[in-house]
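Q: sequence and computational prediction follow.
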Amino acid sequence: MNKTEFQTGVLSAERMLYRVAKTMLRSDEDCADAVQEAILKAWIALPRLREERYFSTWLTRILINGCRAVIRRNGRMADMETLPETAAPEKDDTSLYEALSALPEKLRLTVELHYIEGYSVEETARILGVPAGTVKSRLSNGRKLLRKFMED
């Protein structure tokens, strides 16, 4: 992958990266820092990318690891109730957003990657570093909790 292909890949993934970071982090500044740091780490580690078709998956994994480092460094988790509306779904109905926000991080991140960002079960498993069966289980549990939250 050359510099131009890298730039194109990063530009096409930029909004998705920010949404994933916002799922895990509280402040816009932390999200922006995590995304920038992930892009820099990806550029440095680019020779280790085995298959270019997995670039987006690989970059997302780097971002998630970076977000977890920010959480450890700051000693806090995202308070999902205080997120600004920019991270909400584009629809006017905020009940789904509130239900998503109430999910535990593992379920929320899995649901975000699969249903909102459109990654397959296998890609989501690769990003999260878990077996595909775990992703399916988390998706099922996430759907059940979302259904329960939406009914309440």
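A: Nice, I can see it. Just so you know, these numbers come straight off a predicted model, no measurement behind them.

Q: quick one: the helices in this protein?
A: Applying DSSP state H to the chain gives helices spanning 3-24, 28-45, 55-74, 95-102, 105-111, 121-128, 132-151.

Q: dump these to TSV, plus mean pLDDT and mean neighbour count.
A: Quick note: C-beta positions are derived from backbone N, CA and C, even for glycine. Shown next, in TSV, are the helices of the chain (pLDDT from 0 to 100; neighbours: other Cβ atoms under 10 Å):
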stretch	mean pLDDT	mean neighbour count
helix 3-24	90	17
helix 28-45	92	17
helix 55-74	89	19
helix 95-102	79	16
helix 105-111	90	20
helix 121-128	91	20
helix 132-151	91	15
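
Q: and the residue sitting nearest the centre point of the chain, how far from residue 127?
A: By Cα atoms, centre = their mean, the chain has its centre lying nearest to residue 20, at 2.7 Å. Distance, residue 20 to residue 127, using Cβ to Cβ, to the nearest Å: 9 Å.

Q: give me the domain ranges for this protein.
A: When the chain is parsed with automatic domain parsing, its domains come out as 1-79, 88-152.

Q: how near is residue 22 to residue 133?
A: 28 Å.

Q: any idea what sits nearest residue 122, other than its immediate chain neighbours?
A: Of all residues not flanking residue 122 in the chain, residue 132 sits nearest, at 5.7 Å (Cβ to Cβ, 6 or more residues apart in numbering).
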